[in-house]
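**Q** Any chance you can model this:
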Amino acid sequence: MTNPSRILIDGSKFGLDWLKIYWYGALIVVGIIAAYILCLIEAKRRNLHKDCVIDLCLVIVPFGVVFARLYYILFALDYFVKPGLSFGQVLLNMINIRDGGLAIYGAIIGGFIGIAIYARRKRMHVVSLFDLVMPGVALAQAIGRWGNFFNQEAYGRLIDDGFPSYFPLAVKIDECTQSCCENLASNAGHIHYATFFYESMWCLVIFVVLWFFVRKKAKHRGDVLLTYLAMYGFERMLVEGLRTDSLMLGKLRISQVLSAVLLIAAVACFVIRTILEKKKGVVLMPVDEVYYGEKPDDEKKKKDDGWVDEPEEAQAEEAPAEEEAPAEEEAPAEENADEAENGGEDEEN
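**A** Predicted coordinates:
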């Protein structure tokens with residue numbers, strides 16, 4: 001199979017040399033849009049004001065991009081800090097994300113930090129907001145991973161004998177730049193494990209599990225989040241061992257270590273919560289007690305402050321009630337007048 005171009009739209013073909021849209025960036029945008037739509041659907045189901053989803057998107061995306069880059073830089077300093085480069089050149093290389101270098105774990109960490117800050121400012125349940133966004137995150141990952149295919153990156157080592165050598169289980173790399181190809185006569189045209197595809201498909205499975213099973217049947221706040229962490233941690237821990245471009249911390253693959261920690265932590269949370277519930281006889285962090293923020297008084301409630309919108313039917317019913325109230329108050333007054341007259345007659349009699 002001939003690998004496609006990295007460029008989705010090349011403006012030079014139309015005389016617009018400045019216009020170049022890459023598959024990787026386009027797919028990331030598609031993933032973000034898909035996640036946003038899913039959050040809107042879930043927010044409506046949970047009676048959450050849609051403006052809250054817009055606010056979350058405006059927070060999560062910038063935090064995700066910045067931390068995705070910082071995470072990559074932190075564990076690839078040797079790539080950026082080289083002898084002979086001035087501080088300005090190093091800084092420019094670090095902020096030049098068009099040259100590659102975004103780590104998904106950094107994006108997740110940054111997104112979590114952004115959500116936590118937003119939840120604190122709005123006095124919302126941070127774990128509930130995590131549950132709200134995680135299905136969209138999984139789908140966005142499934143879509144975005146195909147950007148690695150067009151960029152010819154995030155692939156695995158050379159395939160072993162007996163493993164299928166056809167796409168999408170395996171992928172041909174036009175120019176292998178990793179250590180697994182150093183001793184080969186040619187670094188072009190060799191078949192590698194398509195690790196980007198494995199992760200894309202597994203993230204799609206995670207999305208299906210979260211969206212169609214967990215989110216509607218969850219009994220606890222955090223069920224969606226913990227399920228995501230356990231499933232993604234399990235997959236990434238295995239697939240990361242096949243990759244040839246892992247970010248390293250000494251001799252350790254940092255993403256593999258982090259995946260193992262997330263998997264263990266998520267499973268531990270499930271187990272500890274189950275033990276505590278049996279011991280106390282109550283459901284901890286039940287979903288039915290969730291509300292987004294501090295419940296305001298009805299008199300102080302405003303339409304656009306981020307709280308749940310009141311149904312139009314309820315608003316329509318309240319209006320006549322207020323108009324009829326004076327009439328109900330007048331009735332006793334008329335009765336008192338009649339009683340006064342009758343009372344006067346009785347006294348005369």
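**Q** any low-confidence regions in the chain?
**A** Along the chain, segments meeting pLDDT under 70 span 1, 289-349.
**Q** neighbours of Lys216, just the number please.
**A** Neighbours of Lys216 under the rule other Cβ atoms under 10 Å: 10. Any C-beta I mention is one placed from the backbone N, CA and C, and that applies to glycine too.
**Q** Apologies, that question was intended for Thr274.
**A** Neighbour tally, Thr274, other Cβ under 10 Å: 11.
**Q** What of Gly15?
**A** 7.
**Q** What of Gly233?
**A** 21.
**Q** what about it, which helix or strand?
**A** helix 223-239 (DSSP states H and E).
**Q** Just the buried residues of that helix, please?
**A** Across helix 223-239, burial judged by 16 or more other Cβ atoms under 10 Å covers 223-237, 239.
**Q** now swap in stretch 181-197 and tell me
**A** Quick answer for stretch 181-197 (16+ other Cβ under 10 Å): 181, 190-197.
**Q** Let me know whether Ala140 touches Ile37 as I believe.
**A** No: assessed by Cβ atoms under 8 Å, Ala140 is found out of contact with Ile37, at 10.7 Å.
**Q** In terms of neighbours, single out the busier of the two.
**A** Ala140 (27 against 13).
**Q** Quick check: closest non-adjacent residue to that one.
**A** Once flanking residues are discounted, Ala140 sits nearest to Gly31: 3.3 Å by Cβ to Cβ, 6 or more residues apart in numbering.
**Q** ok, that neighbour touching Arg145?
**A** No: in this structure, Gly31 is not within contact of Arg145 by Cβ under 8 Å, at 9.0 Å.
**Q** Please, which helix or strand holds the residue nearest the centre of the chain?
**A** Centrality entry for the chain: nearest residue to the mean C-alpha point is Val137, 3.3 Å, by Cα atoms, centre = their mean. Val137 is part of helix 126-144, with elements assigned from DSSP H and E.
**Q** which helices and strands does that helix pack with?
**A** helix 23-45, helix 50-74, helix 104-122, helix 195-209, helix 223-239 (3 or more Cβ pairs under 8 Å, 6 or more residues apart in numbering; DSSP states H and E).
**Q** quick one: the residue nearest to Ala140 from Ile37, how far?
**A** Gly31 is 11 Å from Ile37, where distance means Cβ to Cβ, to the nearest Å.
**Q** Please apply the same query to Phe207.
**A** Per Cβ to Cβ, Phe207 is found 13 Å from Ile37.
**Q** domains for this protein, by residue range?
**A** 7-289, 314-348 (automatic domain parsing).
**Q** Of those, flag the one that's most buried.
**A** domain 7-289 (a mean of 17; mean count of other Cβ atoms under 10 Å).
**Q** I figured Ile159 hits Ser165, correct?
**A** Yes: here Ile159 reaches Ser165: they are 5.9 Å apart, a contact under Cβ under 8 Å.
**Q** Now do the shared contacts for those two.
**A** Common contact partners of Ile159 and Ser165 (Cβ atoms under 8 Å, 6 or more residues apart in numbering): Ile191.
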